[in-house]
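Novice: no FASTA, just this:
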Ligand code: CS2
């Protein structure tokens, strides 16, 4: 299905012709900007933008969002053509609901106009910055927490050229804010990383030091006193939009929306309440404000995201296109349930009142939603950046308690087979990962022998901490699973395990 490019577009002009139930709660332009958001992908549009629009509609406040696309000019162009309007379709088997969201007050393109973003960071009206920039933007060594500055970031921090990296952009903006005396601000990471706020703070602290200038000490002091980095747990399944997404939106709206996104109905946001210059009343939109998001982050990363990655790697190897289709592999749901109850639930203390097996069952129900066509390949990408917090932390905590991480080792083995690039039927699998070259180099001399593959990939220090790589029991488990997967494929391995 494709939309007719000549049909009328979603815009302020066409808003009044929309079905009543599809109209935005806020009109863009009516609410001045107070939030700057970096990363204008589908997830932001279906998550923070929805919460913020609801919060403005229910509790008021000048909290319109200026959305910044770091790279994609297409997103910026499409949204600009639509007066920053876009729709979110909630999809469940039972119903399809499409509503236009009016939270965006403006859009910018960082790659071609970084100065505009720096100026916004120095604007006193902007009091909250939210980020969805994916795991790989947080360039910290997992073992030491030290900044891993590549040439691009070093150039951003030590020269006057327009910044190209996210930390470079933020440092430049914070400097400008300090110089302009534009007041305190909260920087809110909405990426799927544990202690994402602390990570962001550590990253910026070190980046500010690297960019040292004459007033470095005062700048560091200003940063300490005026900038908060609350941690958050974000949750909503939002697959990349497809021509089908746009066609559904067009038929629900009666106009074409090239920035449409579709998502599951479920959404959750847990936010540490540390905002020195105020914030949207997100609690009125259902967000949970807390003083420690840590247990929620662990719950979600290890259960939802860990199991998601497991379904993605095993599903892709078995030739399944979507997560829901992957759950149809015989025995996979049983194995995922054992991963949840025998490994994940034993690895940490959940938030008060939450039982991990029940939360896990709810997650499996969400994954089984057949109308959310979330591609296994999409969830599988950037595995080197995702594996630590989704699976390896579970393994480390189980080991510390003297337990055997049987099912988590299967997920590691599935990733190791996935990165070798062939599905069980021989079809090619893409390796979309910032460490792709390193992974290929490590694999080259192994000839695909499971013990050699495991030894070679355990050598990637960015992914596997030294204690884990040296743990023979874990290594033997992973080799055992990888041998089974390589010899017999996913279906037989699962049938033998369940
Ligand atoms: C997924 C997440 O793509 C992925 O790696 O696991 O994007 C997942 O859909 C979200 O975290 C759900 O909140």
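Specialist: Sure, I can see it. Small disclaimer: the values here were computed from a predicted structure and weren't measured.
Novice: please enumerate the strands of the stretch 1-150 of the chain.
Specialist: All strands of the stretch 1-150 of the chain, identified by DSSP state E, counting those that start in this stretch, fall at 33-38, 64-69, 86-91, 96-101, 104-109, 128-131.
Novice: in its sheet, what does the first one sit against?
Specialist: Based on DSSP bridges, the strands next to strand 33-38 in the sheet, each with its direction, are strand 64-69 (parallel), strand 128-131 (parallel).
Novice: nearest to the ligand, of these?
Specialist: Ranking the strands paired with strand 33-38 by proximity to the ligand (Cβ to the nearest ligand atom) places strand 128-131 first, at 14.6 Å. C-beta here means a position set from N, CA and C on the backbone, and glycine is covered the same way.
Novice: re earlier: and the strands of the stretch 1-150 of the chain, which is most packed in?
Specialist: With neighbours taken as mean count of other Cβ atoms under 10 Å, these reach their highest mean count in strand 64-69, at a mean of 26.
Novice: that one to strand 96-101, inter-axis angle?
Specialist: For strand 64-69 against strand 96-101, the angle by axes from the mean of the first three to the mean of the last three Cα atoms, to 10 degrees is 100 degrees.
Novice: minimum distance to residue 315: which of the strands of the stretch 1-150 of the chain has it?
Specialist: Residue 315 lies closest to strand 86-91 among the strands of the stretch 1-150 of the chain, at 19.5 Å (Cβ to Cβ).
Novice: which helices and strands sit right next to that closest one?
Specialist: helix 42-46, strand 96-101, helix 243-253, strand 261-263 (3 or more Cβ pairs under 8 Å, 6 or more residues apart in numbering; DSSP states H and E).
Novice: may I see the ones you listed organised as JSON lines, with distance to the ligand added?
Specialist: Output for these, formatted as JSON lines (distance: least, Cβ to the nearest ligand atom, whole Å):
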{"stretch": "helix 42-46", "distance to the ligand": "7"}
{"stretch": "strand 96-101", "distance to the ligand": "18"}
{"stretch": "helix 243-253", "distance to the ligand": "15"}
{"stretch": "strand 261-263", "distance to the ligand": "9"}
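Novice: before we move on, the earlier item: redo the strands of the stretch 1-150 of the chain as JSON lines? Include mean pLDDT.
Specialist: Converted to JSON lines, these look like this (pLDDT from 0 to 100):
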{"stretch": "strand 33-38", "mean pLDDT": "98"}
{"stretch": "strand 64-69", "mean pLDDT": "98"}
{"stretch": "strand 86-91", "mean pLDDT": "97"}
{"stretch": "strand 96-101", "mean pLDDT": "96"}
{"stretch": "strand 104-109", "mean pLDDT": "98"}
{"stretch": "strand 128-131", "mean pLDDT": "98"}
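Novice: residues in contact with the one helix or strand residue 467 maps to?
Specialist: Under the criterion of DSSP states H and E, residue 467 resides in helix 466-469. Contact partners of helix 466-469, identified using Cβ atoms under 8 Å, 6 or more residues apart in numbering, comprise 143, 392, 395, 396, 399, 458, 459, 461, 474, 475.
Novice: quick revisit: export the helices and strands packed on strand 86-91 to a markdown table and append columns for distance to residue 33.
Specialist: Below are the helices and strands packed on strand 86-91 laid out as a markdown table (distance: least, Cβ to Cβ, whole Å):
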| stretch | distance to residue 33 |
| --- | --- |
| helix 42-46 | 15 |
| strand 96-101 | 15 |
| helix 243-253 | 25 |
| strand 261-263 | 21 |
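Novice: how close does the nearest residue to residue 285 once chain neighbours are set aside sit to residue 18?
Specialist: Nearest non-adjacent residue to residue 285, counting by Cβ to Cβ, 6 or more residues apart in numbering: residue 54, 3.6 Å away. Here residue 54 is placed at a distance of 18 Å from residue 18 (Cβ to Cβ, to the nearest Å).
Novice: go ahead and confirm the residue nearest to residue 285 touches residue 25.
Specialist: Yes. Taking Cβ atoms under 8 Å as the definition, residue 54 is a contact partner of residue 25 at 6.6 Å.
Novice: of the two, which one has the most company?
Specialist: Neighbour count, other Cβ atoms under 10 Å: between residue 54 and residue 25, residue 54 has more, with 21 against 16.
Novice: wait, residue 78 touches residue 260, no?
Specialist: No. Counting by Cβ under 8 Å, residue 78 sits too far from residue 260 to count as a contact (9.6 Å).
Novice: state the mean pLDDT of the helix or strand hosting residue 393.
Specialist: Element membership of residue 393, judged by DSSP H and E, is helix 393-400. On average, the pLDDT along helix 393-400 is 98.
Novice: what comes up buried for it?
Specialist: In terms of neighbour count (16 or more other Cβ atoms under 10 Å), helix 393-400 has its buried residues at 393, 394, 395, 396, 397, 398, 399.
Novice: now do stretch 479-489
Specialist: 479, 480, 481, 482, 483, 484, 485, 486, 489.
Novice: these in helices, which ones?
Specialist: Of these, the ones assigned to helices by DSSP state H are 479, 480, 481, 482, 483, 484, 485, 486, 489.
Novice: need the pLDDT of the third one.
Specialist: Per-residue confidence at residue 481 stands at 98 (pLDDT).
Novice: in space, what's closest to it - neighbours in sequence excluded?
Specialist: Counting by Cβ to Cβ, 6+ apart, residue 413 is the residue found nearest to residue 481 once chain neighbours are left out, at 3.6 Å.
Novice: which other helices and strands does the helix or strand hosting the one you found contact?
Specialist: Assigned by DSSP H and E, residue 413 belongs to helix 406-418. Here helix 406-418 touches helix 306-317, helix 332-338, helix 383-387, helix 393-400, helix 450-458, helix 472-497, going by 3+ Cβ pairs under 8 Å, 6+ apart.
Novice: any chance of those in CSV, with distance to residue 201 too?
Specialist: Formatted as CSV, the helices and strands packed on helix 406-418 follow (distance: least, Cβ to Cβ, whole Å):
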stretch, distance to residue 201
helix 306-317, 25
helix 332-338, 34
helix 383-387, 19
helix 393-400, 20
helix 450-458, 30
helix 472-497, 31
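Novice: nearest to residue 367, out of those helices?
Specialist: Closest to residue 367 of the helices and strands packed on helix 406-418 is helix 306-317 (Cβ to Cβ; 6.3 Å).
Novice: still on that earlier bit, and the residue nearest to residue 481, what does it touch?
Specialist: Residues in contact with residue 413 (Cβ under 8 Å, 6+ apart) are 454, 478, 479, 481, 482, 485.
Novice: how close does it get to residue 21?
Specialist: Going from residue 413 to residue 21 by Cβ to Cβ gives 47 Å.
Novice: residues of the stretch 51-200 of the chain that sit close to the ligand?
Specialist: Within the stretch 51-200 of the chain, the positions near the ligand by Cβ under 6 Å from any ligand atom are residue 192.
Novice: residues in contact with the residue with the largest distance to the centre of the chain?
Specialist: Distance to the chain centre peaks in the chain at residue 214, reaching 36.4 Å (criterion: Cα atoms, centre = their mean). Residues near residue 214 by Cβ under 8 Å, 6+ apart: none.
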